[in-house]
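**Q** Predicted model and sequence below, questions to follow.
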Amino acid sequence: MSTGKDRMNREKNTIKRMIGIYCRGRHHTDGAVCKECRQLLDYAMERIYRCPYGGDKPTCGKCPIHCYKPAMREQIRCVMRYAGPHMMMHHPVLAILHFLDGMIEAKKPGGF
């Protein structure tokens, strides 16, 4: 059974990989992500870090709290829409775990 810390680290790793796939495919980068994608990644990491759910964090699509600013939320949607189908080929274990995490219902922050 994974801990909340494991779940948060996996969430960070998943979004990092998705942004990497998106940047390589859409911005044709090789290796490091471009400046725009780096800003989005930094923003996403900060949002995960500050999530009131902590280790019980649901996937963003299932979350009743939308903590992303509207413009950043649209950017991350574009990333997920593009990278999601590619995840099974590039990172199958993360893709399956993310799918399973999405099946968990969101609880109130703090576990109440």
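**A** Thanks, I have the structure now.

**Q** and whichever strand or helix holds residue 94, average pLDDT?
**A** Under the criterion of DSSP states H and E, residue 94 resides in helix 92-101. Averaging pLDDT along helix 92-101 gives 89.

**Q** Distance-wise, check residue 46 relative to residue 69.
**A** 11 Å (CB to CB, to the nearest Å). From N, CA and C alone the C-beta is placed, and that goes for glycine too.

**Q** what's in contact with the helix holding residue 94?
**A** Residues from elsewhere that reach helix 92-101 (CB atoms under 8 Å, 6 or more residues apart in numbering): 7, 10, 11, 13, 14, 17, 58, 59, 84, 87, 88.

**Q** give me that answer again for 7 Å
**A** The contact list for helix 92-101 (CB atoms under 7 Å, 6 or more residues apart in numbering) reads 10, 13, 14, 17, 59, 87, 88.

**Q** For it, which residues meet the burial criterion?
**A** Neighbour-count burial for helix 92-101 flags 94, 95, 97, 98, 101 (criterion: 16 or more other CB atoms under 10 Å).

**Q** same thing with stretch 71-83?
**A** Quick answer for stretch 71-83 (16+ other CB under 10 Å): 75, 76, 79, 80, 83.

**Q** Ok, stretch 57-76 next?
**A** For stretch 57-76, burial by neighbour count (16+ other CB under 10 Å) applies to 57, 58, 59, 60, 68, 75, 76.

**Q** would CSV of those with distance to residue 21 be doable?
**A** Formatted as CSV, those follow (distance: CB to CB, whole Å):
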residue, distance to residue 21
57, 22
58, 22
59, 17
60, 17
68, 19
75, 14
76, 13
